[in-house]
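> Have a look at this fold, sequence not included:
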């Protein structure tokens, strides 16, 4: 959006186009031009425009406030003073002079801008053409931003010892009188810090070059008025002065520096003062904006709408980027899934080929079936091993003093079944049982019993009993462990007893030596 600046001078109006490079003059409107027609012919609709006033009819009233620490209370008092002093002026503002210390400021300048009817006429022409007016600033506010407080001060002339000259104040705390030659005349502004306290426009400047006598006379007159109205004190003399004048007048104005009332810091050659000062609008203070709030409603609404539009576009761009990222991830996962499907089809085809080749070789087919059965039996037997360990742990808790040294596990041998052949008889898989001769003869004479189902898993363990036990105590502890293991469908078989009870074997030992108390057990559980 194109930005413009409209300078309302004393007798004319100057239009400038604003860009990053600076301000470029566009057109000049004179007193006989119609504002509405002139704005329609030189400004595009819906453009942005800032108003700057460079007129003579400006009121600067010095006022003193009580020391107020709260900024809100001070602002309320300033508004009441503005209403009392500048009741009929709609374009007014209050400027607080910086105190320069920790104390609250007490001196203010009440500023009222003249020619309110003329300003309202140009403001109405801009509003009728749908120009967005950002605000109205005095030219003194832009000049105050251009003052260089770090400029080296010229050494003053050496005064006599009896002249009574007072010491100079620091450059940063001194007031500065800025003189700027504009298209309307010689503008003189008193600045403290970046705050304009007083401004005066001399209309005697013609279109030709400025004379040193005229500039010196106007500066002296302004300084005398500022001292009489207590804008500056006698201790602040000579007054620091900075000038922006046309380049052809620089040599002629060097004589101004020898005046004892002025401390001329520099003279900068400027051909077009408006083009030099208007870029300062970017940092113009808000409290020196003279348009009432209701006059800027359209501008504020446009600003809010533009901000909302930018925010919406930004959110849309972010959503599009987020969606693009998600689509990219989805596309990658889809390609990965397609690759997996292709690999699965290849593996399935290879498996089919292996099966077709195995159909002619029964050994390979039987080996494949046996492998599957081995996996099935191994998976089925694992819970029995875990259950056997849990059962063994519970029995050991009921038999204190028994220490398990080693536990071995066994699974039945896998039965390879060849397709088309009868199933092979299952090999016996159970705990070895120690049987004496009488029991073996009785079992041989008895009728044949039903075949016993092989166990799913076996647990063989070696345990040690406390050596301090007697044989009777060790036998009692061993019988209690067997009783605990022979429960809940589990069968425990004693492979080696800690006390041998076989009447055939000879009982022997050595007095004075404690033998080892060990025993071997086997735990099994047949399938249901």
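The structure has been received and is ready for your questions. Just so it is clear, the structure is predicted and the values come from calculations on it, not from any experiment. Numbers count the residues shown, from 1 in each chain.

> ok, residue 354 to residue 203 distance?
110 Å (CB to CB, to the nearest Å). C-beta: built from backbone N, CA, C; applies to glycine.

> Likewise for residue 405?
120 Å.

> ok, now residue 66?
From residue 66 over to residue 203 the distance is 38 Å, taken as CB to CB.

> more neighbours, the two?
Just comparing residue 66 and residue 203: by other CB atoms under 10 Å the higher neighbour count belongs to residue 203, 11 against 8.

> which ones are touching that one?
Neighbouring residues of residue 203 by CB atoms under 8 Å, 6 or more residues apart in numbering: 10, 56, 184, 185.

> How about residue 59?
86, 89, 110, 111, 112, 114.

> Count the residues that sit near the last one.
Read that as residue 114. Residues near residue 114, counting by other CB under 10 Å, number 16.

> out of the contacts of residue 59, what pair is the most spread apart?
110 and 114 (13.6 Å; CB to CB).

> where does the stretch 51-200 of the chain have low pLDDT?
Within the stretch 51-200 of the chain, the segments meeting pLDDT under 70 span 151-173.

> Just the strands from it, written as ranges.
Using DSSP state E, counting those that start in this stretch, the strands of the stretch 51-200 of the chain run over 58-64, 92-96, 107-113, 132-138, 176-181, 186-192, 195-202.

> Now the element after the longest one, going C-ward?
When you say that, I think you mean strand 195-202. helix 212-228 (DSSP states H and E).

> following that next one, which helix or strand shows up next?
strand 239-245.

> all strands in the stretch 251-400 of the chain, in order from the N-terminus.
262-269.

> Where does pLDDT dip in it?
For the stretch 251-400 of the chain (pLDDT under 70), the answer is 251-257, 293-303, 355-383.

> Now do the helix or strand containing residue 37: which elements does it pack against?
Applying DSSP H and E as the criterion places residue 37 in helix 35-42. Judged by 3 or more CB pairs under 8 Å, 6 or more residues apart in numbering; DSSP states H and E, helix 35-42 is in contact with strand 13-19, strand 22-29, helix 116-128.

> Quick one: mean pLDDT over it.
Taken as a whole, helix 35-42 carries a mean pLDDT of 92.

> quick one: it to strand 13-19, angle?
30 degrees (axes from the mean of the first three to the mean of the last three CA atoms, to 10 degrees).

> Between strand 22-29 and helix 35-42, find me the angle.
Going by the same axes, to 10 degrees, helix 35-42 makes 130 degrees with strand 22-29.

> how is this structure carved up into domains?
Split into domains by automatic domain parsing, the chain comes to 3-152+170-291, 308-358, 369-503+514-524.

> Determine which stretch of those is the most buried.
domain 3-152+170-291 (a mean of 17; mean count of other CB atoms under 10 Å).

> Could you tell me the end-to-end distance of it?
Using CA to CA, to the nearest Å, one end of domain 3-152+170-291 lies 18 Å from the other.

> Repeat that for stretch 10-23.
Start-to-end span of stretch 10-23 (CA to CA) is 20 Å.

> And stretch 125-141, by the same measure?
Start-to-end span of stretch 125-141 (CA to CA) is 24 Å.

> Can I get the strands of the stretch 51-200 of the chain in JSON lines including distance to residue 51?
Formatted as JSON lines, the strands of the stretch 51-200 of the chain follow (distance: least, CB to CB, whole Å):
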{"stretch": "strand 58-64", "distance to residue 51": "14"}
{"stretch": "strand 92-96", "distance to residue 51": "14"}
{"stretch": "strand 107-113", "distance to residue 51": "10"}
{"stretch": "strand 132-138", "distance to residue 51": "4"}
{"stretch": "strand 176-181", "distance to residue 51": "18"}
{"stretch": "strand 186-192", "distance to residue 51": "17"}
{"stretch": "strand 195-202", "distance to residue 51": "16"}
